[in-house]
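Student: need a structure here:
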Amino acid sequence: MAATFSVAQHLFRNDYRVNVVGFERVTEQTGEGEDARIESKYLIFTETADGTQRVFENTDSVVECAFDRCKFNSSDVHAKAMAAKEKGLEIDVTAYGFRVPLFSMYENVVSVKPVLKQ
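Tutor: This next block holds a predicted model:
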């Protein structure tokens, strides 16, 4: 069931225009000693023009390859978001998945495109 849900969330894509307000890198360790594994993900904190706050996850995803959109560039996506914030630019975000606070689930960013000021 969990695997089906994990794949199914890739079918739900949304586009947002947001301002980046902050970043965080979250790490989680599973296992002990030689079996220890550390996973990390980026979080991008944003706000829309109407003041709605959204948090996005930014992680690589091998499942995206099934949709002809392999995502192995999370660091590059993060750098684009950081540069846009530094320049005071809004960004257009494409993301998939669902926000489920109870399970600390976030939509995962697929792409970030800075919006040039007119």
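Student: Please make it C-alpha for all contacts and neighbour counts, starting now.
Tutor: Noted.
Student: what stretches of this protein score poorly on pLDDT?
Tutor: Within the chain, the segments meeting pLDDT under 70 span 1-10, 68.
Student: for the longest strand along it, packing partners?
Tutor: In the chain, taking DSSP state E as the definition, the longest strand is strand 13-30. Strand 13-30 sits against strand 37-47, helix 74-87, strand 90-96, with contacts defined as 3 or more C-alpha pairs under 8 Å, 6 or more residues apart in numbering; DSSP states H and E.
Student: Could I get the buried residue list for it?
Tutor: Neighbour-count burial for strand 13-30, with 16 or more other C-alpha atoms under 10 Å as criterion, is recorded at 17-21, 23.
Student: Stretch 94-105 too?
Tutor: Buried residues in stretch 94-105 (16+ other C-alpha under 10 Å): 94-99.
Student: I'd like to know which of those is nearest to residue 115.
Tutor: residue 94 (13.2 Å; C-alpha to C-alpha).
Student: ok, for that closest one, nearest residue in space, not its chain neighbours?
Tutor: residue 15 (4.5 Å; C-alpha to C-alpha, 6 or more residues apart in numbering).
Student: tell me the contacts of that neighbour?
Tutor: Contact partners of residue 15, counting by C-alpha atoms under 8 Å, 6 or more residues apart in numbering, are 92-95.
Student: From residue 91, how far off is it?
Tutor: With distances taken as C-alpha to C-alpha, to the nearest Å, residue 15 is found 10 Å from residue 91.
Student: Same question for residue 59.
Tutor: Residue 59 sits 18 Å away from residue 91, going by C-alpha to C-alpha.
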